[in-house]
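Participant: only geometry, no sequence info:
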Ligand code: ADP
Ligand code: MG
């Protein structure tokens, strides 16, 4: 299928991602309840909420790893999950980054970063991997193996792998939770500047209000599978719309 024809956004351009009345569950239980939400082009949206609030499920639906029970998901107004369509993950122009980095231990850093670039020739693949590594400050790391790197460096390799295909939407599930707390502030700042440079639309899942405050253009606060409130970090912090929102942000000092 031709992505351009579907208007999913040319590689490297940000797309709009829209959840419309999304509902999903496992077995007899709904864990995402009627969520409608838009991630705007080139902006960072944080899905924030306590453990079990449905954040990862929403991210997996956006990635095409999960088919929602109800509602639909649109990328640039094209239905990619819903009653009329299902577009598989590799055709959505989305990139994914997981909590544990999920690097392939038996593959070099270069091969890890080039992994999603199978549509390119070998030479272009290597060039794109080198470019992505340089972008995260790891130029020349191609020949190393993941076990030779620190946690912070592994995080950067995972980030390079996620941005190398120039996704129009980048989905990140708790991308900093595996890191030492001493490192987190710096890694977050570095990651944010890489994300800004790529220009992709970014969705970050986190349970940490401080992380959301520091990174998000827009926060979507979730509780028990429902969208409680959405707005800028400032909006939510200064004008929490519920006791839940107020208490969630009160931990920040
Ligand atoms: P979060 O990322 O906010 O912690 P999740 O989306 O992972 O929340 O999970 C929401 C709820 O759905 C949780 O109660 C979780 O236990 C349940 N859940 C998640 N994935 C599955 C699954 N594959 N099978 C059954 N239950 C699941
Ligand atoms: Mg989760």
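Facilitator: Perfect, thanks for sending it. All figures in this text were calculated on a predicted structure; none of them were measured in a lab. Numbering: from 1, shown residues only. Ligands and ions are numbered 1, 2, ... in the order given.

Participant: And the residue of the stretch 151-253 of the chain that's closest to ligand 1?
Facilitator: Residue nearest to ligand 1 within the stretch 151-253 of the chain (CB to the nearest ligand atom): residue 205, separated by 6.2 Å. The way it works is simple: take the backbone N, C-alpha and C, and place the C-beta from them, glycine included.

Participant: which other helices and strands contact the helix or strand in which that residue is found?
Facilitator: Remark: residue 205 resides in strand 201-206, with elements defined by DSSP states H and E. Contact here means 3 or more CB pairs under 8 Å, 6 or more residues apart in numbering; DSSP states H and E; on that basis strand 201-206 packs against strand 29-39, strand 44-48, helix 55-63, strand 169-173, helix 209-215.

Participant: Of the ones you listed, flag the one that's most buried.
Facilitator: For the helices and strands packed on strand 201-206, the largest average neighbour count (mean count of other CB atoms under 10 Å) is found in strand 44-48, namely a mean of 27.

Participant: Quick one: residues contacting the most centrally placed residue in the chain.
Facilitator: In the chain, the centroid-proximal residue (CA atoms, centre = their mean) is residue 171; its distance is 1.6 Å. Counting by CB atoms under 8 Å, 6 or more residues apart in numbering, residue 171 makes contact with 59, 62, 63, 94, 95, 96, 97, 203.

Participant: Specify the beta-bridge partners of it.
Facilitator: With DSSP bridges as the criterion, residue 171 is bridged to residue 96, residue 203.

Participant: Distance check, it against residue 147.
Facilitator: Using CB to CB, to the nearest Å, residue 171 is found at 26 Å from residue 147.

Participant: Helix, strand, or coil at residue 112?
Facilitator: On the three-state scheme (DSSP: H, G, I helix; E, B strand; the rest coil), residue 112 is labelled helix.

Participant: and the contacts of residue 171, which two are the farthest apart?
Facilitator: Farthest-apart pair in the contacts of residue 171 is 62 and 97; separation 12.8 Å (CB to CB).

Participant: Within range of ligand 1, give me the residues from the chain.
Facilitator: 26, 31, 49, 51, 52, 53, 54, 55, 56, 57 (CB under 6 Å from any ligand atom).

Participant: In TSV: these, plus pLDDT.
Facilitator: Shown next, in TSV, are the residues of the chain next to ligand 1 (pLDDT from 0 to 100):
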residue	pLDDT
26	95
31	97
49	97
51	95
52	96
53	98
54	98
55	98
56	97
57	97
